[in-house]
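Chemist: got a sequence here, can you model it:
(one chain, ligands or ions: 2)
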Amino acid sequence: MASNSNIFSRAECKFTAGAASVEQIPHNLFLPEVAFAGRSNSGKSSLINALVGQKDLARTSKFPGRTQQINFFTISGKLSICDLPGYGYAAVSKKMRNLWDQLILDYLSGRQNLRRVFLLIDARRGIQKNDLAIMDLLDAAAVVYQIVLTKVDQIDGSSDVIQQTEDETSRRAAAYPQILITSAQNGTGIAALGNEIVALM
Ligand SMILES: Nc1nc2c(ncn2[C@@H]2O[C@H](COP(=O)(O)OP(=O)(O)OP(=O)(O)O)[C@@H](O)[C@H]2O)c(=O)[nH]1
Ligand SMILES: [Mg+2]
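Modeler: Residues are numbered from 1 along each chain as shown. Ligands and ions are numbered 1, 2, ... in the order given. The predicted structure follows:
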């Protein structure tokens, strides 16, 4: 198994493709792939940046809905990382929302090299209705996913979000039993996330 620091070293992370429609999704199915999914603003791009130790590999924004296409990154020529557009951003039109949903569905169905979806949940909010909808979809499609709580620097000891998230996950067919607790801001859980990914390669 390759060491974590090798795989995620700075010089070896590249943006490879952006897909705004199903035709643009690259067919580089020879590399193992992991995808980051979650509500808009849940911290997907920030977590990818923290993982690779780069500030701006994946773009982040204060404004939800910034990542409007599927972005693909290649790590050391050995791993493909997919940053999915966030769902649940209320201010976009219904037509736009349906387009995004369809794009994500198209991506998830029949992606043979997809090893795991990391489903990000903002720890300040916990699992919301549209997260449950995505979990239903992943369970139905038998796509293995792992819940990642993000922004845990923002919660205090009295929060029961970890317990609540574990309870929901334990009921789910395709959910990986262990959840990951992370903060892109202070680095909590980033190494553990890296280890999970390396173990999938
Ligand atoms: N406090 C704190 N803020 C974070 C953390 N991770 C992300 N954020 C902030 O949350 C906001 C959204 O982060 P992004 O990484 O752009 O979220 P995203 O899920 O990629 O958003 P979309 O691309 O719109 O779907 C930004 O203002 C980040 O700075 C974290 O670990 N702690
Ligand atoms: Mg993003």
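Chemist: which residue ranges form the helices in the chain?
Modeler: 4-7, 44-52, 94-108, 129-141, 161-170, 190-200 (DSSP state H).
Chemist: out of these, which is the most enclosed?
Modeler: Greatest average neighbour count among the helices of the chain goes to helix 44-52 (a mean of 24), per mean count of other CB atoms under 10 Å. Glycine gets a C-beta too; all of them are placed from N, C-alpha and C.
Chemist: does Glu33 have beta-bridge partners, and which?
Modeler: Ser80, Leu114 (DSSP bridges).
Chemist: correct me, but it touches Arg115?
Modeler: Yes - using CB atoms under 8 Å, Glu33 is in contact with Arg115, at 6.4 Å.
Chemist: of these two, which one has the most company?
Modeler: Taking neighbours as other CB atoms under 10 Å, Glu33 and Arg115 compare with Glu33 leading, 21 against 18.
Chemist: who's in contact with that one?
Modeler: Contact analysis of Glu33 by CB atoms under 8 Å, 6 or more residues apart in numbering lists Leu79, Ser80, Ile81, Cys82, Arg111, Asn113, Leu114, Arg115.
Chemist: and the two most separated of those?
Modeler: Farthest-apart pair in those is Leu79 and Arg111; separation 14.3 Å (CB to CB).
Chemist: who has more neighbours, the two?
Modeler: Just comparing Leu79 and Arg111: by other CB under 10 Å the higher neighbour count belongs to Leu79, 22 against 18.
Chemist: please tell me how far the more buried one sits from ligand 1.
Modeler: 19 Å (CB to the nearest ligand atom, to the nearest Å).
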